[in-house]
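Peer 1: Could you look at this predicted model? Sequence included:
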Amino acid sequence: MENEPHHPPREEYAVMYRVEDSHWWYRGMESITRRVIERRYSRGDHLLILDAGCGTGAAMGYLSDYGTVVGIDYSAEALRFCRVHKRERLGQASVMHLPCHDEVFDLVASFDVICQFGVTDDELALSEFARVLVPGGWLVLRVPGAKWLRGWHDTAADVEKRYDLHELERRLCAAGLQPEHISHANMFLFPIAAAKRLSERIVPPQPGSDLTLGMGPFNGLLSAVLSLEAPLIAWHRLPFGLTVVALARKPGA
């Protein structure tokens, strides 16, 4: 397709689909995301939710506990895996040009999307999230942090940008959103992640993203450690971590 934006290679979507129900990263981030959402909403609420950049559909599963979920992604390959997951409400579009009416969704979720090479204007994407939110609606956002820890995973997953807290806060405000809570995440495991990323400067590159690295018997332990951060992140600002999580509100009723 002419002028098609970058997005992760097809094999990376296959990896995501294969591991997203069991990998420690997905399980831990689900726990964290739920606790952040539940600052404002409860399971069983009848929200209309947009998963902006839904990938292979992992988050659409647990977001459905809070209402009806619509998934949008630019990649036809990602949407193909969503359909295998039996996700039904899907659309193909860029997060910079959402095919949605103004003020439709109660909640917009976007996880590790505005950081992608294909999102050439992250502020435009955030403005689109604000546009489609109802007044008083909420955005829950996750992006990579720790700029100095860029590594092979970023290349394999097509990640261009990493963010610090203040930078993300400024971008949210510029898009017309009011940040309520921003925190680092993946703090407890940060020393391990930092050691791995720094070692990449002297060892041969791995063939794919970090999702291709099997943790074997340590998978459950890593998931439990990451999940321990959920109640902390929901109400406190962790001082450092490999990820940044934000909750922001569209002004209004």
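Peer 2: Yes, it's here.

Peer 1: Now do the same for the spatially closest residue to residue 189 that is not a sequence neighbour: helix, strand or coil?
Peer 2: Nearest non-adjacent residue to residue 189, counting by Cβ to Cβ, 6 or more residues apart in numbering: residue 225, 6.0 Å away. In short, each C-beta sits where N, CA and C put it, glycine included. Secondary structure assignment for residue 225 (DSSP: H, G, I helix; E, B strand; the rest coil): helix.

Peer 1: Make residue 1 into 46 and carry on from there
Peer 2: I'll keep to 46 as the first residue from here, and by that count the last item is residue 270.

Peer 1: Residue 270 contacts residue 232, doesn't it?
Peer 2: No. If you go by Cβ atoms under 8 Å, residue 270 and residue 232 don't touch, sitting 10.1 Å apart.

Peer 1: neighbour count winner among these two?
Peer 2: For the pair residue 270 and residue 232, the greater number of neighbours falls to residue 232 (20 against 16), based on other Cβ atoms under 10 Å.

Peer 1: just the helices in the chain please.
Peer 2: Using DSSP state H, the helices assigned to the chain run over residues 55-64, 69-82, 103-108, 121-129, 167-177, 197-201, 210-219, 235-244, 264-272, 275-280.

Peer 1: rank those helices by pLDDT, which is bottom?
Peer 2: Sorting the helices of the chain by mean pLDDT places helix 197-201 lowest, at a mean of 69.

Peer 1: which residues sit in contact with the residue sitting furthest away from the middle of the chain?
Peer 2: Distance from the centre of the chain peaks at residue 247, with 29.4 Å (Cα atoms, centre = their mean). Going by Cβ atoms under 8 Å, 6 or more residues apart in numbering, residue 247 touches no other residue.

Peer 1: quick one: it from residue 240, how far?
Peer 2: Distance of residue 247 to residue 240, computed by Cβ to Cβ, to the nearest Å: 12 Å.

Peer 1: same thing with residue 70?
Peer 2: Applying Cβ to Cβ, the value for residue 70 to residue 240 is 17 Å.

Peer 1: Check residue 106 too.
Peer 2: 32 Å.

Peer 1: what's the answer for residue 148, then?
Peer 2: From residue 148 to residue 240 the distance is 46 Å (Cβ to Cβ).
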